[in-house]
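K.L.:
I'd like to go over a predicted model; first the sequence, then the structure.
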Amino acid sequence: MVELLSIDPTARLEAVRRQLAQRRLQQVAVDVPAEWTELDNAARMRLIQRQAQTQQCELAVITRHEATRKAARQVGIPVFMEAEEALKGRWRMESRLPRVDPRNPAATLPEPPPWRREDVVRRQARPSLHRARQGRIQSEARFRRPLPLWLRLLGYSLIGTLLLALLVGFTVYVLPAATITLTPGRQPVAVTVQLTANPDLEVADLEADLLPGRLLESTIELTGTIPTTGSAQRATDLARGSVVFINLSSTPVTVPSGTIVSTGTGTPVSFRTVAPTEVGGGVGSRATAPIEAVEPGIQGNVRASAITIVEGAMRFRVRVTNQDGTFGGGAQLTPVVTQADRDNLLAQLQAAAQARAVESLQQEVAPGEWLPPETVKTFVIAQAFTAFNDEETAELGLTLRTLVQGVAVNEEEARQALLLALQASIPSGGKLVADSFAMQRLPGATAIDRSVQFTMAVNADYVPLIEPADVRTLVAGQSPDAATEALQARWLLERAPEFYLDPEWTGVLPRLGRRIQVRVEYDDSVTP
């Protein structure tokens, strides 16, 4: 009878072996899941085959997994695609290896290799513990024999010489120590940097010499007056005279006061009657009426017979003429406003606003900022004159409102840019002296649109870097005087080096550089 052994997809190979060990039937068919890969090689397949041989049962495998099928065929285990074929029982396991004897599993193992057999023979032929102990006693007895006297004296001499050499070397090289104190001297350095402050920049780019500026604005309102320089003729008196009205009808005509008459040729000049006039009845009747010019000025002085027109309804009843000319119209020169007056007054107030612009913006400057005067600009936003061109007036006034703009520069950011330029100009490892830092702005700043470009010069002192390792290499084994001369020739020192020798009787610096301690003292003003 064939027993079907189904395997859980999550089971391990050892669990399958334990299940197989519990079977006592003659034939067992193992149903392997589709994706179970625990039996996909011949070594693992051999393990369950040996377990089946131990149980003295026949083993078959049911699977469609190609690697598992191949491994089963390699060790001689029948393989089926379907469980129905295996349950028929018409199969036998043909093991290509000897069967395992449960009572003596090592009986079927091959003979050990030659090297393994020799090792077994050597362990079996190993001498006894007593013989080994006797051999060691004889070996130690040979070393207990005293050496010859001359050999012992030679050994003692060599040891003494070695100890003496060690003592001398320790005294000369290891025992001496020294401390050297150096104070570096200052060296000047000067740098000129062209910086640009831009109000549109939010963060400073010190490597590109760009600084953020702050746009300042203020308003200035000024009022000024100047005498007018223009002149024009101004009419002062009315021309006067008389006219003769001639009746055109048979009935009397009354010419009322204020009747307008005018000249008939050239530019019309109007006159008005100053009193009512009665003209008798009958065609051709005449009457004289006093008149005066409507507008003052010399244009009212007209010749005789020039007034020929009657205006209004009276022109159908009478006609007019002047037998004599009119006189008395006068004019005089009066001051008037010219365009030059307006331009001059505007220029004066703009100049006054420009002069006050810097002072006006200084009130907007925050602490730690600096306002370049070259960035200050004025813009006219409103102007109001008291008179128009050609208007009669002796004085012209103007109210001017001006917008003032400028760019403020942060002094600390400019200082940082100069420090960066100084650090780049000094030798590697040099240190700046803080109290020697002095900067100044050179004249000639240039305003470009809303930004300003200016040049700053900075002077400072720095101290060079002194490496202790270089000092040790330079002065090792020298006397203090020779070391002082060598150090002053190599570096600029503020004062002579200070030496401390231990012990002092040596008179020279240690030959081993690591026994020399170098102290470099910088002033408190030196930046780290």
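P.N.:
Perfect, I can see it now.
K.L.:
Got the confidence number for residue 126?
P.N.:
Listed pLDDT for residue 126 reads 55.
K.L.:
quick one: secondary structure of residue 150?
P.N.:
Judged by DSSP: H, G, I helix; E, B strand; the rest coil, the three-state class of residue 150 is helix.
K.L.:
and if you look at residue 168?
P.N.:
Residue 168 ends up helix, using three-state DSSP.
K.L.:
now it: how far from residue 154?
P.N.:
To residue 154, residue 168 is 21 Å away according to Cβ to Cβ, to the nearest Å. Just so you know, the C-beta spots here come from the backbone N, C-alpha and C atoms, and that holds for glycine as well.
K.L.:
What of residue 452?
P.N.:
For residue 452 relative to residue 154 (Cβ to Cβ), the value is 93 Å.
K.L.:
Equivalent analysis for residue 20, please.
P.N.:
In terms of Cβ to Cβ, residue 20 sits 80 Å off from residue 154.
K.L.:
Residue 452 and residue 154 - which one has more neighbours?
P.N.:
residue 452 (25 against 12; other Cβ atoms under 10 Å).
K.L.:
does that one really touch residue 374, like I thought?
P.N.:
Yes: contact criterion Cβ atoms under 8 Å: residue 452 and residue 374 qualify, at 6.4 Å.
K.L.:
any shared contact partners between those two?
P.N.:
445, 446 (Cβ atoms under 8 Å, 6 or more residues apart in numbering).
K.L.:
From the contact counts, what lies against the lengthiest strand in the chain?
P.N.:
Determined from DSSP state E, the single longest strand within the chain is strand 210-227. On a contact count with 3 or more Cβ pairs under 8 Å, 6 or more residues apart in numbering; DSSP states H and E, strand 210-227 meets strand 187-198, helix 339-362, strand 395-410, helix 411-425.
K.L.:
In CSV, list those along with mean pLDDT and distance to residue 516.
P.N.:
Listed next are those as CSV, based on pLDDT from 0 to 100; distance: least, Cβ to Cβ, whole Å:
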stretch, mean pLDDT, distance to residue 516
strand 187-198, 88, 26
helix 339-362, 89, 60
strand 395-410, 90, 48
helix 411-425, 84, 31
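K.L.:
ok, now which ones touch the nearest residue to residue 410 once chain neighbours are set aside?
P.N.:
In space, and not counting its chain neighbours, residue 410 is closest to residue 369: 5.8 Å by Cβ to Cβ, 6 or more residues apart in numbering. By Cβ under 8 Å, 6+ apart, the contact set of residue 369 is 214, 408, 409, 410, 411.
K.L.:
so how far is residue 305 from the first one?
P.N.:
Taking Cβ to Cβ as the measure, residue 214 and residue 305 are separated by 82 Å.
K.L.:
circling back: which pair in the contacts of residue 369 spans the largest distance?
P.N.:
Of all pairs drawn from these, the widest gap by Cβ to Cβ lies between 214 and 411 and measures 12.0 Å.
K.L.:
Which one's more surrounded, those two?
P.N.:
residue 214 (16 against 13).
K.L.:
which ones are touching the nearest residue to the more buried one once chain neighbours are set aside?
P.N.:
Leaving aside its chain neighbours, residue 214 sits nearest to residue 408 (4.5 Å; criterion: Cβ to Cβ, 6+ apart). Shown in contact with residue 408 (Cβ under 8 Å, 6+ apart): 213, 214, 215, 216, 364, 365, 366, 369, 370, 371.
K.L.:
Many thanks, have a good one.
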